[in-house]
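Enquirer: got a predicted model here, sequence first, then my questions.
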Amino acid sequence: MEQTSAETSSIVPQWGKHRYFPEVSERDWNDWRWQFKNHITTIEELSRYLRIPSEEWELRKRVLNDFKMAITPYYFSLINIDDPDDPILREIIPLPEEYVYRNVGFEDPLGEEDHSPVPGLTHRYPDRVLMVVSNVCSNYCRFCTRKRIMCEQTRSEAEIDRMIDYVAAHPEVRDVIVSGGDPLLMPTARLERILGRIRAIRHVEIIRIGTRAPAVIPQRIDQKLCSMLSKFHPIWINVHFEHPRECTPEAERACDMLSRAGIPLNNQSVLLAGVNDDPATMKALVHRLLCMRVRPYYLYQCDPVHGTEHLRAPVSRGIEIIESLRGHTSGLAVPTLVIDAPGGGGKIPIGPQYMLAYDREEGITTLRNYRGETYTYRDGRRNVDSGAPSPNDGFSSVCGGGGHN
């Protein structure tokens, strides 16, 4: 799949370790424990690398009273500090707008706690549950939908016992999503015990893990972790890449190791104003993901969580992006645009309108394609009528020709 020079340049790191952390040895830099231990957590630390206007200093410190900051040195190295509107910066660094909008939106926008029969577990859909096994991440994204519980202590063994007991007692649950925080930041042995207990439940068919580690601390993905995960197939991993610049050689290596362990990878992006809310950036991202053997899965409208008003792109922008992809690139590269309905309504797919009309009685559908050309499609006939139909009866082009690509 060819990429334009603009697409290619947008994914090549231009700053990196050599600019911000030249004194750190390669051994430390490639050790995920060093990355986690040395993440940036205060405005004072941040100011060593990034100029913060004096009039914003106190405001940004107040932001951290509501939601802490944590940035791995690796992820910080992706930021262009010379650009105040840098997209990676907007994802991870507290801005004054976050304080201004701190009371706008919801603490629990998806109503997870309203569908939580035991602490840490959400059972919203009939056949699957979400288990939040950790409240710790290596990076705290400013748009996190679980701001209310992040940075707290990790889940206790008693809490995890209750979650697993609930799954075992509900035979309708066939799909368990293990999320957080970031489960992959847990000690490998502890995560192995959790996954082993879930896999031992006979009616659980699929285990999914939600993680942002390959994008923000790819050093965490090592052979020991991959070997452990491969014991519990079928296991799927949903990763989170929001911008093509996150698709570094380190991230590609991490995804390759997971893929070679037999784990399918799907990407869940959040549509973010000033980060990825334009067709060129999203096209570069999905193309790069496919080259990394990661399938674009969902593109979420940003949840209306406290302090994220400045990051929420309009729904129309998401529809425009999907329309810019559909038909203009491989269908594999087109994620499903969804709104996770506030209050617990679940994921609702939205997108451009390609079905213009449907006459149920006549069984005729009027469609438009990505070029704006209009076609009709007729339902199959269930009753024998007089006269043999012509070969193309019921399939017509109103404005233009058809064809498959």
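Expert: Done, it's in.
Enquirer: now do the SS call for Met228.
Expert: At Met228 the chain is in helix, as set by DSSP: H, G, I helix; E, B strand; the rest coil.
Enquirer: hmm, it is touching Thr188, no?
Expert: Yes. If you go by C-beta atoms under 8 Å, Met228 and Thr188 touch, sitting 5.6 Å apart. Every C-beta, even on glycine, is put in place using the N, C-alpha and C of the backbone.
Enquirer: ramachandran coordinates for Arg295?
Expert: phi -90, psi 120 (degrees, to the nearest 10).
Enquirer: so what's it bridging to?
Expert: Going by DSSP bridges, Arg295 is paired in beta bridges with Asn266.
Enquirer: neighbours around it, how many?
Expert: 15 (other C-beta atoms under 10 Å).
Enquirer: state the distance from Ile88 to Arg27.
Expert: Going from Ile88 to Arg27 by C-beta to C-beta, to the nearest Å gives 25 Å.
Enquirer: likewise Asp114?
Expert: 47 Å.
Enquirer: of Ile88 and Arg27, who's got more company?
Expert: Shown here are Ile88 and Arg27; by other C-beta under 10 Å, Ile88 has more neighbours (21 against 8).
Enquirer: doesn't Tyr75 make contact with the more buried one?
Expert: Yes. With contact defined as C-beta under 8 Å, Ile88 counts as touching Tyr75 (7.5 Å).
Enquirer: quick one: buried residues of stretch 75-95?
Expert: Across stretch 75-95, burial judged by 16 or more other C-beta atoms under 10 Å covers 75-80, 86-95.
Enquirer: one more: stretch 132-142?
Expert: Val132, Val133, Ser134, Asn135, Val136, Cys137, Ser138, Asn139, Tyr140, Cys141, Arg142.
Enquirer: ok, and the closest non-adjacent residue to the fifth one?
Expert: Meaning Val136. With sequence-adjacent residues excluded and distances taken as C-beta to C-beta, 6 or more residues apart in numbering, Val136 is closest to Gly181, at 4.8 Å.
Enquirer: pLDDT at the one you found, what is it?
Expert: If you check Gly181, the pLDDT there is 90.
Enquirer: where do the strands sit along the stretch 1-150 of the chain?
Expert: Residue ranges of the strands in the stretch 1-150 of the chain, as given by DSSP state E, counting those that start in this stretch, are 121-125, 128-132.
Enquirer: what's the mean pLDDT across the one helix or strand Ile164 maps to?
Expert: Ile164 belongs to helix 157-168 when assigned by DSSP states H and E. Averaged over helix 157-168, pLDDT sits at 97.
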